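Participant: Structure for the following, please:
(2 chains)
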Number of protein chains: 2
Amino acid sequence: MENIIIVGAGLVGSLLSVYLARAGFKVSVYDRNSDPRQVNLQSGRSINITLSERGFRALDAVGAGDTVRELCIPVCGRIMHARDGELTYQPYGNNKEAIYSIGRDDLSKALVNFAQKHENIEFYFNQKCIDIDLPTARLKLQDLQTGEITQVQADRIFAADGAYSPVRYKMQRLKRFNYSQEYLDRGYKEIIIPAGNEGNWALEKNAIHIWPRDSFMLIGFPNLDKSFTLSLHLPYEEEISHNSTASPDALQNLFETYFPDIWPLVYPNLGDYAKKPVESMITIKCFPWSYQDKVLLIGDSCHAVVPSYGQGANAGFENCQLLTQCIEKHLGDWQTAFKEYETLRKPEMDVLAHLCLEHFTVLRKMVGDRKFIERAKIERKLQEMNSEYASLYYNISFTSMSYSEALRSERIHQEIISEFAEKNLKSEVSV
Amino acid sequence: MENIIIVGAGLVGSLLSVYLARAGFKVSVYDRNSDPRQVNLQSGRSINITLSERGFRALDAVGAGDTVRELCIPVCGRIMHARDGELTYQPYGNNKEAIYSIGRDDLSKALVNFAQKHENIEFYFNQKCIDIDLPTARLKLQDLQTGEITQVQADRIFAADGAYSPVRYKMQRLKRFNYSQEYLDRGYKEIIIPAGNEGNWALEKNAIHIWPRDSFMLIGFPNLDKSFTLSLHLPYEEEISHNSTASPDALQNLFETYFPDIWPLVYPNLGDYAKKPVESMITIKCFPWSYQDKVLLIGDSCHAVVPSYGQGANAGFENCQLLTQCIEKHLGDWQTAFKEYETLRKPEMDVLAHLCLEHFTVLRKMVGDRKFIERAKIERKLQEMNSEYASLYYNISFTSMSYSEALRSERIHQEIISEFAEKNLKSEVSV
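Facilitator: Just a heads-up that it's a prediction; the model follows:
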């Protein structure tokens, strides 16, 4: 039986272990962090995860979907909070289509637990990858509890070791390895709003709450424990920025001016807000993803995206499924399998990266932009009349249409909708 | 007196040492390679360097220009070789304006020699940078001859350690450090054609020779020792590629089909062509270039470009001058000096990277493209009538106009010239 090492027991690493074990391989998963089932650290690393159609499809294919569904809160649309407190509801679809909010840690634990049940999967925690020899698929690991350094070797290594992947750093030195890391010029800090007085969600729970203020925004996700996670997204260095709101007074002033309706809930829960680091957001692109038939990058290590579209985990899960299909199609010929997988998926992940960056602007600006809201209404109406006429967001979140196909379709629709919207606005103005 | 370390005694590192010593600092330069004055290695790393106006301006400002000029061969235009052997001469300017071809090693030696004369500059060779502590500007070095590891510390470190900069690898791990490395999908191999029978250049010496064949090309530069360096640029993997011409027969077939006029000179000088590695070409972009007031990237370490435009060294030299101006303007306030320098130069280097990539296509395709030749003629005529009407190539190579200004000016001119060219072609066709 062929031995496979996966570096990283995160979302993609643990799901991939299941896929590979089911395909008949012996899988060892090494992770630098502690077993997520034994600790309860708020990693603070991420906005809540949202799962959607393509993510669940990949989870269901190995029977992990229902376990995960139990930990999710369905979210059927966005509630936009204007400065004067007015709320506008924007449903994602015409038929209560939902995306699913889940805590990153909850999802991670669930997947490790699910994988652990398989007899051919072993997890090793507190094992930091400190070097990799690519041609021999040999890994040098340091036990972070004992300091001990060991070497392990496999027939193949899959690096699901995240945006700061040590394996990718090593591959970056290879000739003809293209690579880019690009940080967003904005960062975020989180504020947790606990369950309300009567033990219930303090805000409408089946929605994502957005306070879009053009160059900055606040966004809130419901959690299973009835709390809400708010993320305050600000530029690093503009007039209104993390720098300019570092003092408690300045922060209060920001909320009272721009987010007055939520300040009474935020104020008692600020905790050590000032001391929290600003979380940054990165887009990673590289190519190739594979080294011969020995090593393959997967997940954020080769295509990290900014979290605006809630698609990072979904794309990662989808890729576990697609990769396994390629491996099974070319059984034994790993290099062909890797090449086919990376050639198929690289353009898709590039489109996703683009959509995620663009969607940040959409989220920040949307409520203030009357044309955008008008357009969304027209899109829903068109889709009601003709189901093929789905919006970009719909195709991304509620179908498994490829990202590139969704973008192509959007570009065709856009022109038509622009005409509609123009007419609509004019006729309203003339009333 | 403030102590400065420069990592890298290459072209930019050695010129920078001169600038900084003249500005009153004590400079130590560490390089992993052997003293270029003691060895005579063909590094094989680079096409010949071409120096132009802006490079010489920066060399002359510290009195190094004339030493360098003695080692150069002036080149006043391109001689294009068609498949049937027809030669077309394209002068760079109307007044015998020249760029200057020089061997990379010759230039490197000359600059180290020149710098070495300054009492406040010390060079240390065979010293490989294996780590840097950014906040303290401390460098860990390994002596490649003895294996000994030492630490050195300075008030500030300038990393002129090239496209594969170890200092930049360290900075890459910092939050909000944007970085990209992009390889060209073509590589090259060099063939040296020695002096001809009568001890003279085998081809016209005051020109660059080009055999443009659309998806690939051959290009030749004159050397001071009366040899020519030919570089064969091919895709890695297309129908006509380095792979497909690996065998002697296939290579002969390529030359006899596409470069028949030069084959008699190439054939006796192929040497171990098949064993030579294909040289790759990389574009590096990153930002910021500085770490606090402690460390600054300079030269290829932060803005390597592909060598098509012959501007890499020129831009690097120009940057030594500009950086020193910023340092002297904000004397003692290094962080402000670094910020001003990087803010001024980053957009310029991005424009240069773009121009260099574009120019590769120009070089590969130019002779086959009748419109291009027509356009070049019109450009020279326009410039004859109005000296402000210089071509992009002219402004880049024969002025010190900023790269971005040259590009802006080009875009304005382009439309006008397109009209001219269209009319011209039509009138010819109608004859």
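
Participant: which ones are touching the closest residue to chain B within chain A?
Facilitator: Taking C-beta to the nearest C-beta as the measure, chain A has residue A:180 as its residue closest to chain B, at 3.6 Å. To be clear about C-beta, it is placed using only N, CA and C from the backbone, and glycine gets the same treatment. Contact analysis of residue A:180 by C-beta atoms under 8 Å, 6 or more residues apart in numbering or on different chains lists A:283, A:284, A:285, A:286, B:179, B:180, B:181, B:182.

Participant: Could you dump those into a markdown table and include distance to residue A:350, pLDDT and secondary structure?
Facilitator: Formatted as a markdown table, the contacts of residue A:180 follow (distance: C-beta to C-beta, whole Å; pLDDT from 0 to 100; DSSP: H, G, I helix; E, B strand; the rest coil):
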| residue | distance to residue A:350 | pLDDT | secondary structure |
| --- | --- | --- | --- |
| A:283 | 10 | 98 | strand |
| A:284 | 11 | 98 | strand |
| A:285 | 7 | 98 | strand |
| A:286 | 11 | 98 | strand |
| B:179 | 17 | 98 | strand |
| B:180 | 14 | 98 | strand |
| B:181 | 16 | 98 | strand |
| B:182 | 13 | 98 | strand |
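
Participant: Would you format these as a markdown table with distance to residue B:12 included?
Facilitator: A markdown table is the format used below for the contacts of residue A:180 (distance: C-beta to C-beta, whole Å):
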| residue | distance to residue B:12 |
| --- | --- |
| A:283 | 30 |
| A:284 | 29 |
| A:285 | 28 |
| A:286 | 27 |
| B:179 | 19 |
| B:180 | 20 |
| B:181 | 18 |
| B:182 | 21 |
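
Participant: which element follows the helix or strand where residue A:219 lies toward the C-terminus?
Facilitator: Element membership for residue A:219, per DSSP states H and E: strand A:217-222. Counting by DSSP H and E, the next helix or strand C-terminal to strand A:217-222 is strand A:228-235.

Participant: Please find the angle between the direction vectors of that following strand and strand A:217-222.
Facilitator: Using axes from the mean of the first three to the mean of the last three C-alpha atoms, to 10 degrees, the direction of strand A:228-235 lies 160 degrees away from that of strand A:217-222.

Participant: Quick one: mean pLDDT over strand A:228-235.
Facilitator: Across strand A:228-235, pLDDT averages out at 96.

Participant: That strand packs against which elements?
Facilitator: strand A:186-193, strand A:217-222 (3 or more C-beta pairs under 8 Å, 6 or more residues apart in numbering or on different chains; DSSP states H and E).

Participant: re earlier: identify the residues contacting the strand holding residue A:219?
Facilitator: By C-beta under 8 Å, 6+ apart, the surrounding residues in contact with strand A:217-222 are A:47-48, A:50, A:73, A:75, A:81, A:101, A:193, A:201, A:203, A:205-211, A:228-233, A:259, A:262, A:363-364.

Participant: Return the subset of those residues lying in helices.
Facilitator: Cross-referencing the contacts of strand A:217-222 against helices under DSSP state H gives A:363, A:364.

Participant: Buried members of the contacts of strand A:217-222 into ChimeraX, please.
Facilitator: To isolate the buried ones among the contacts of strand A:217-222 in ChimeraX, judged by 16 or more other C-beta atoms under 10 Å in any protein chain shown, type:
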select /A:47,48,50,73,75,81,101,193,201,203,207,208,209,210,211,228,229,230,231,232,233,259,262,363,364
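
Participant: Chain B contacts on chain A?
Facilitator: Within chain A, the positions near chain B by C-beta under 8 Å from any C-beta of the partner chain are A:164, A:169, A:172-173, A:175-183, A:236, A:280.

Participant: same thing but at 7 Å, please
Facilitator: A:175, A:176, A:178, A:179, A:180, A:181, A:182, A:183, A:280 (C-beta under 7 Å from any C-beta of the partner chain).

Participant: Show me which of the residues you listed are buried.
Facilitator: With neighbours counted by 16+ other C-beta under 10 Å, the residues of chain A next to chain B contain buried members at A:176, A:178, A:179, A:180, A:181, A:182, A:183.

Participant: Please identify which pair of those residues lies farthest apart.
Facilitator: A:176 and A:183 (24.8 Å; C-beta to C-beta).

Participant: what angle sits between the strand holding residue A:219 and strand A:186-193?
Facilitator: In terms of direction (the same axes, to 10 degrees), strand A:217-222 departs from strand A:186-193 by 40 degrees.

Participant: where do the helices sit along the stretch 201-350 of chain A?
Facilitator: A:248-258, A:263-266, A:300-303, A:312-329, A:334-365 (DSSP state H, counting those that start in this stretch).

Participant: State the pLDDT value of the residue lying closest to residue A:315 once chain neighbours are set aside.
Facilitator: Setting aside the residues directly before and after it, residue A:315 is nearest to residue A:352 in space (C-beta to C-beta, 6 or more residues apart in numbering or on different chains), at 5.7 Å. The confidence metric pLDDT takes the value 98 at residue A:352.
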